[in-house]
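A.B. asks: give the three-dimensional model of this entry:
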Amino acid sequence: MNNCEIELEKSKKRNENYIKEFEAWLKEKNLAPKTIKKHLSNIKFYLNEYLNYYEIAKMEDGIFEVYSFFNDWFIRKCMWASKSSIKENASSIKKFYQCMSEKEHVKVEDYKLLCEEINDNMEEFLDSINDYDDRSYYDIFM
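C.D. replies: Modelled structure (predicted):
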């Protein structure tokens, strides 16, 4: 294993602990098992794929990365990206960082900024997927 692979494995191992805390938190909220499974899947993807894509980033740093995730990366890299998947992922990320703020892993103020960023830019995120789909169609067929 090279150094980058070692660091990636460390990051994923560290994220496992946060994901376990999040799972317990979701269960305390009495959410349906299917809903819990969806939130966990979305968060594992965000933490382990997106935050580690360009360089290895910590969970705490992910709170400041949602704009580029939703407005660019998710739309370009995920074949399943859609308006509903953007909304689902936004919900999962907000819940995850709410949990992390309650567990004092991130600052409450940072969590509030994350929520504002998602809420204030949701229409832009949804428009971006339309623009990307339109460009793709145009590039393929025109």
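A.B. asks: how about Phe70, what does it touch?
C.D. replies: Contact analysis of Phe70 by Cβ atoms under 8 Å, 6 or more residues apart in numbering lists 86, 89-90, 118, 121, 125, 128. For the C-beta atoms, the positions are set from N, CA and C on the backbone; glycine is no exception.
A.B. asks: now with 6 Å, please.
C.D. replies: 86, 125 (Cβ atoms under 6 Å, 6 or more residues apart in numbering).
A.B. asks: then Glu104?
C.D. replies: No contacts exist for Glu104 under Cβ under 6 Å, 6+ apart.
A.B. asks: tell me the SS of it?
C.D. replies: At Glu104 the chain is in coil, as set by DSSP: H, G, I helix; E, B strand; the rest coil.
A.B. asks: and for Arg76, the neighbour number?
C.D. replies: By the measure other Cβ atoms under 10 Å, the count of residues near Arg76 is 10.
A.B. asks: what's the answer for Leu114, then?
C.D. replies: 25.
A.B. asks: Leu47 now?
C.D. replies: So Leu47, with other Cβ under 10 Å, has 24 neighbours.
A.B. asks: my guess is it contacts Asn15. True?
C.D. replies: Yes. Under the criterion of Cβ atoms under 6 Å, Leu47 makes contact with Asn15 at 4.5 Å.
A.B. asks: what's the closest non-adjacent residue to Glu21?
C.D. replies: Lys103 (5.9 Å; Cβ to Cβ, 6 or more residues apart in numbering).
A.B. asks: helices of the protein, start to end?
C.D. replies: With DSSP state H as the criterion, the chain has helices at 3-28, 33-45, 59-62, 66-68, 74-77, 83-102, 108-141.
A.B. asks: thinking again about what came up before, next one: phi and psi at the residue nearest to Glu21?
C.D. replies: Main-chain dihedrals, Lys103, degrees, to the nearest 10: phi -90, psi 0.
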